[in-house]
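In: Generate a structure from the sequence data that follows.
(one chain, ligands or ions: 1)
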Amino acid sequence: MRRPVVAGNWKMHGSRSRIQALVAGIAESTDARADVIVFPPAIYLAEVIGWLAGSRIAVGAQNVHAEVNGAFTGEISAQMVADVGGEYVLVGHSERRALFAETDAMVAAKFGAVQAAGLVPILCVGETLAEREAGRADTVVIAQVDAVLAAVGIQAFARAMIAYEPVWAIGTGRTAAPADAQAMHVVIRRRLAAADTGIGAEVRVLYGGSVNAGNAQTLFAQPDIDGGLVGGASLDGDEFTRICKAA
Ligand code: PEP
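Out: Prediction:
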């Protein structure tokens with residue numbers, strides 16, 4: 001039985017006071033039936049962890065460097081996230097791949113570094129609109145999964161999650177049809193199951209891309225969609241709470 005997960009990616013949004021208010025709004029409102037994780041901007045990570053102490057909500061980082069430490073101005077390591085009490089890290093978000101030139105090799109290295117620090121990576125994969133329209137969506141997503149699988153091995157996925165996020169659905173208000181998302185989740189799960197049946201069956205695969213309180217229930221009702229990675233709608237406490245309830 002896979003436990004549902006709702007993760008809120010706050011990206012580079014908010015201010016200290018706005019985030020404190022958001023945290024106060026969601027801290028009391030989750031229940032025990034789903035895992036809830038929030039990903040604040042890194043500068044607020046430690047404070048958000050403190051504000052959420054005693055709640056059921058876990059906290060993670062949106063990105064880390066693959067090295068433990070060194071001369072990498074502006075970067076943070078997975079060990080630093082662990083040091084302040086973070087538990088999860090997003091790896092390979094499409095904005096990182098597209099805007100910060102993260103390659104599959106870099107994503108795989110970060111995935112390994114996150115696990116080496118004792119944290120859980122959420123590997124983000126997804127095709128662009130051009131790739132989908134060219135009939136290449138499955139091929140692209142499988143290649144993104146394979147790049148990490150080849151680097152870290154199938155056993156690493158026993159302590160990881162995957163987020164399927166079609167690039168064309170992120171921040172656009174255009175959500176994947178639940179049946180299309182479900183089909184891609186099966187593709188991902190089968191890829192892992194080919195290497196290890198148990199891990200393929202157990203790995204949690206989240207959907208991301210314009211999830212909101214209105215569409216969450218239908219998406220999460222699909223048998224292979226184990227919850228959502230939510231961007232814009234996670235910045236509204238009430239809406240995020242409704243999405244958590246849908247899970
Ligand atoms: C995201 O950034 O991971 C995301 C899914 O964003 P949105 O929900 O705004 O599409």
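
In: relative to its centroid, which residue of the protein is most remote?
Out: Residue farthest from the centre of the chain, counting by C-alpha atoms, centre = their mean, is Ala71 at 27.5 Å.

In: Next up, the contacts around that residue.
Out: With C-beta atoms under 8 Å, 6 or more residues apart in numbering as the criterion, no residue contacts Ala71. (C-beta placed from N, C-alpha, C; glycine too.)

In: Can you tell me the SS state at Val36?
Out: strand (DSSP: H, G, I helix; E, B strand; the rest coil).

In: Skipping adjacent residues, who's closest to Asn63 in space?
Out: The shortest distance from Asn63 to any non-neighbouring residue, by C-beta to C-beta, 6 or more residues apart in numbering, is to Arg96 (5.9 Å).

In: how about that neighbour, what does it touch?
Out: By C-beta under 8 Å, 6+ apart, the neighbours of Arg96 are 63, 102, 107.

In: Kindly report the same for Glu28.
Out: By C-beta under 8 Å, 6+ apart, the contact list for Glu28 reads Ser55.

In: how far away is it from Gly173?
Out: According to C-beta to C-beta, to the nearest Å, Glu28 stands 29 Å off from Gly173.

In: thinking again about what came up before, just the contacts of Arg96 that are near the ligand?
Out: Applying C-beta under 6 Å from any ligand atom, the subset of the contacts of Arg96 adjacent to the ligand is empty.

In: Let's have those residues in TSV, adding distance to Cys244, neighbour count and secondary structure.
Out: Output for the contacts of Arg96, formatted as TSV (distance: C-beta to C-beta, whole Å; neighbours: other C-beta atoms under 10 Å; DSSP: H, G, I helix; E, B strand; the rest coil):
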residue	distance to Cys244	neighbour count	secondary structure
Asn63	24	19	coil
Glu102	29	19	coil
Val107	27	24	helix
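
In: Turn those residues into TSV, columns for pLDDT.
Out: Shown next, in TSV, are these (pLDDT from 0 to 100):
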residue	pLDDT
Asn63	98
Glu102	98
Val107	98
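
In: I'd like those residues written out as TSV, with distance to Val84 added.
Out: What follows is the contacts of Arg96, written out as TSV (distance: C-beta to C-beta, whole Å):
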residue	distance to Val84
Asn63	15
Glu102	23
Val107	23
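
In: So which of the residues you listed is the closest to the ligand?
Out: Closest approach to the ligand among the contacts of Arg96 (C-beta to the nearest ligand atom): Asn63, at 12.1 Å.

In: Provide a list of residues in contact with the closest one.
Out: 42, 89-91, 93, 96, 110.

In: now, which of these lie within strands?
Out: 89-91 (DSSP state E).

In: Adding distance to the ligand, write those residues out as JSON lines.
Out: Shown next, in JSON lines, are those (distance: C-beta to the nearest ligand atom, whole Å):
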{"residue": "Val89", "distance to the ligand": "14"}
{"residue": "Leu90", "distance to the ligand": "8"}
{"residue": "Val91", "distance to the ligand": "12"}
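
In: May I ask which of the residues you listed has the most neighbours?
Out: Val91 (32 neighbours; other C-beta atoms under 10 Å).
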